[in-house]
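Enquirer: coords please:
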Amino acid sequence: MQYTATYQSPLGGILLAADEIGLTGLWFEGEKFYACSLDPEHEERVVPVFDVVKKWLDIYFSGREPDFMPPIHLIGSEFRQQVWKILREIPYGETITYGALAERIARERGLKRMSAQAVGGAVGHNEISIIVPCHRVVGSDGSLTGYAGGVDRKKKLLTLEGVDMENFYVPTRGTAL
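Expert: Model prediction:
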């Protein structure tokens with residue numbers, strides 16, 4: 001059974017979902033894959049994990065790096081799990097390119113190469129945004145693409161973390177906006 005709660009962030013409303021193991025979803029209202037993995041038979045209820053997640057979000061949105069990780073329960077294929085694990089290792093205030101992420105996955109899997117687009121698909125289907133920091137992945141040309149919560153939010157999250165935004169830009173067209 002999944003449970004839901006809401007959180008009001010400076011960047012808009014957020015829907016939280018959790019099961020008995022941990023947080024299963026964190027979606028900005030109106031984002032591309034909003035609540036796509038939410039059980040149809042979920043229930044709005046206060047559960048202890050939401051208190052921990054809301055504390056984490058309060059610290060994060062105050063401009064500080066939280067020093068703890070709430071319990072999370074990521075559900076996905078082995079490939080997606082591998083990508084999401086690496087996302088959790090990207091340091092606060094730093095970024096990585098889709099290409100570099102693909103190169104790392106290829107090395108870990110013993111492959112010559114890995115498609116940055118395949119990696120981008122896994123990044124884009126991360127159900128626990130912010131806490132699993134998919135917003136820290138950028139295009140190799142400095143483009144701020146591929147954030148399901150919206151490129152404007154991605155820019156604001158990186159700015160909040162103190163990322164130097166001088167070499168980044170928001171593309172005016174493309175499929176990953």
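
Enquirer: list the buried ones in stretch 52-70?
Expert: Neighbour counts over stretch 52-70 (16 or more other C-beta atoms under 10 Å) mark Val52, Val53, Lys54, Trp56, Leu57, Tyr60, Pro70 as buried. Any C-beta I mention is one placed from the backbone N, CA and C, and that applies to glycine too.

Enquirer: can you list contacts of the helix or strand harbouring the fourth one?
Expert: Assigned by DSSP states H and E, Trp56 falls within helix 48-61. With C-beta atoms under 8 Å, 6 or more residues apart in numbering as the contact definition, helix 48-61 has outside contacts at 3, 5, 7, 9-10, 14, 16, 18, 22-23, 26, 65-66, 68-71, 130-131, 160.

Enquirer: Tell me the gap between the lowest-mean-pLDDT helix or strand in the chain and the middle of its chain.
Expert: Counting by mean pLDDT, DSSP states H and E, the chain has its least confident helix or strand at strand 43-44, which shows a mean of 87. Chain-centre distance of strand 43-44: 23 Å, with C-alpha atoms, centre = their mean, to the nearest Å.

Enquirer: which helices and strands sit right next to that strand?
Expert: Applying 3 or more C-beta pairs under 8 Å, 6 or more residues apart in numbering; DSSP states H and E, one finds that strand 43-44 contacts strand 3-9.

Enquirer: of the buried residues of stretch 52-70, closest to Ser143?
Expert: Comparing the buried residues of stretch 52-70 against Ser143 with C-beta to C-beta places Tyr60 closest, at 24.2 Å.
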